[in-house]
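1. Structure, please.
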Amino acid sequence: MTKTAKKRVSIALVLDKSGSMDIVRDVTIDGVNEFIGDQKNTTDTDALFLLVPFSTEVEMNRRIVPVAEVQSLTRDTYRPSGWTALLDAVAVAVKELETYEADAYLVCIVTDGKENYSRNTSYADVQRIIREREALGNWTFTFLGANVDAWNAAQAIGIRNQGNVGAFRQTAADTRAAFRDMSAGARSLRSSVSSGISPQSVGYYSDQGRDIVVPDVDVSAYERVQIAEEAAGLSRHPVDSPLKPDDPNYVKPVG
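-> Coordinates of the predicted model:
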C-alpha cells in the first residue's frame, strides 16, 4: 500500500520585540517556546517555521526551516528595544514563506503597539499583500494585539475576518494565555488542512469565522493622522514617518 504524503503548512510568527515588550520579555519567550513545542508535537501535517522578530529593524538572519529544527528563543536572542516596523516585518515574512511550496500558509502577528518605523512598506502595500494571498484560498493571517484596539489595527493592515483577531492585556497571565490560544489555533488549522478543510472556513481565535464587511481604509488619511498624533507626543513611541522625505505629508522624526 502506498503511503499518502502528509500535507505541508508553512508558519511565520511575526513577533514584536520593540522596547515596550520588555515588561513581558520572559513570558513572551516562554510563550513562543511553548508554541514551537506544540507545533513540533503536531504530526498530522508537516510544518515549516519562520520566526520574524522586529523592532526598529526586521531581523533578516533567520530563514524558514522544518519545525523540528527550530531553536528555542532565549533571553540572548530576544532582547526588546527600539520602535515598531510592523509593516516591513509582514512583507518580509510573506516573501520568505513564498520561497517554499506548501498546501497552506499561516502568518501569526503579535504586537503591542502601532506601526511607527517601517521604511519600505506602506499600509497600502500590506493591505494588497494580504488581500492577494487570501484570494488564493490557502493563506491565513492572524493578529494578536496587546494594549491596542486589535480589531481596528488588524483592519488597517487588511485583516477582515474578526475571528482571526485576538487581544490581550500585557500582563504575565494574559500574555501566557494569548500564546496558548495562538498555538491552539495553529493546531486546529493544521488539522483542518490535513482533513482537506479550507483553513479560511473558520475563525482562528473563534469558531464563528464571520467575515466582517468594512470599508477600505483611507491609507493616506490613516497615516497622516497617526503621524500627527505621534509627532504631538500622543504615542508612547517616537515616530519616524512611514512616508518618504519627499512626500508633502512627511513629518521629521521626533524624540
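2. average pLDDT for stretch 191-199?
-> Averaged across stretch 191-199, the pLDDT comes to 92.
3. Please read the previous query as pertaining to stretch 140-158.
-> Stretch 140-158 comes out at a mean pLDDT of 91.
4. got the buried residues for it?
-> 140-146, 148, 150-151, 153-158 (16 or more other CB atoms under 10 Å). Heads up, the C-betas are built off the backbone N, CA and C, glycines and all.
5. again, but for stretch 175-189
-> 175-176, 178-179, 181-183, 185-189.
6. about what we covered before: mark which of the buried residues of stretch 140-158 are part of helices, please.
-> Judged by DSSP state H, the buried residues of stretch 140-158 include 150-151, 153-156 as members of helices.
7. Save these as TSV, and put in distance to Glu115 too.
-> What follows is these, written out as TSV (distance: CB to CB, whole Å):
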residue	distance to Glu115
Ala150	14
Trp151	16
Ala153	8
Ala154	12
Gln155	13
Ala156	8
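8. And the strands in the stretch 151-255 of the chain, which stretches?
-> 165-168 (DSSP state E, counting those that start in this stretch).
9. from the buried residues of stretch 140-158, which is closest to Tyr204?
-> Distance to Tyr204, by CB to CB, is smallest for Thr142 among these, at 4.6 Å.
10. residue contacts, the closest one?
-> Contacts here follow CB atoms under 8 Å, 6 or more residues apart in numbering; on that basis Thr142 touches 106-109, 159, 164-166, 182, 185, 204-205.
11. Look up which residues are beta-bridged to it.
-> Beta-bridge partners recorded for Thr142 (DSSP bridges): Cys108.
12. From Arg75, how far out is it?
-> Applying CB to CB, to the nearest Å, the value for Thr142 to Arg75 is 26 Å.
13. Spell out the residue ranges of the helices in the stretch 1-150 of the chain.
-> Under the criterion DSSP state H, counting those that start in this stretch, helices of the stretch 1-150 of the chain are mapped to 25-41, 86-97, 123-134, 150-156.
14. now for the last one, which elements pack on it?
-> Contact partners of helix 150-156 among helices and strands, from 3 or more CB pairs under 8 Å, 6 or more residues apart in numbering; DSSP states H and E: strand 139-146, strand 165-168.
15. Any chance of those strands in a markdown table with distance to Val32 as columns?
-> Output for those, formatted as a markdown table (distance: least, CB to CB, whole Å):
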| stretch | distance to Val32 |
| --- | --- |
| strand 139-146 | 12 |
| strand 165-168 | 15 |
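16. of the buried residues of stretch 175-189, closest to Phe35?
-> Lowest distance from Phe35 to the buried residues of stretch 175-189 (CB to CB) belongs to Ser183, with 4.5 Å.
17. Gln39 is in contact with that closest one, correct?
-> Yes: using CB atoms under 8 Å, Ser183 is in contact with Gln39, at 7.4 Å.
18. Which single one of the ones in helices among the buried residues of stretch 140-158 is nearest to Arg119?
-> Of these, the one sitting nearest to Arg119 (CB to CB) turns out to be Ala156, at 18.1 Å.
19. and the spatially most central residue of the chain, what pLDDT?
-> In the chain, the C-alpha nearest the mean C-alpha coordinate belongs to Ile109, at 1.5 Å (CA atoms, centre = their mean). With respect to pLDDT, Ile109 has a value of 97.
20. That one touches Thr140, doesn't it?
-> No: between Ile109 and Thr140 there is no contact under CB under 8 Å: 11.3 Å.
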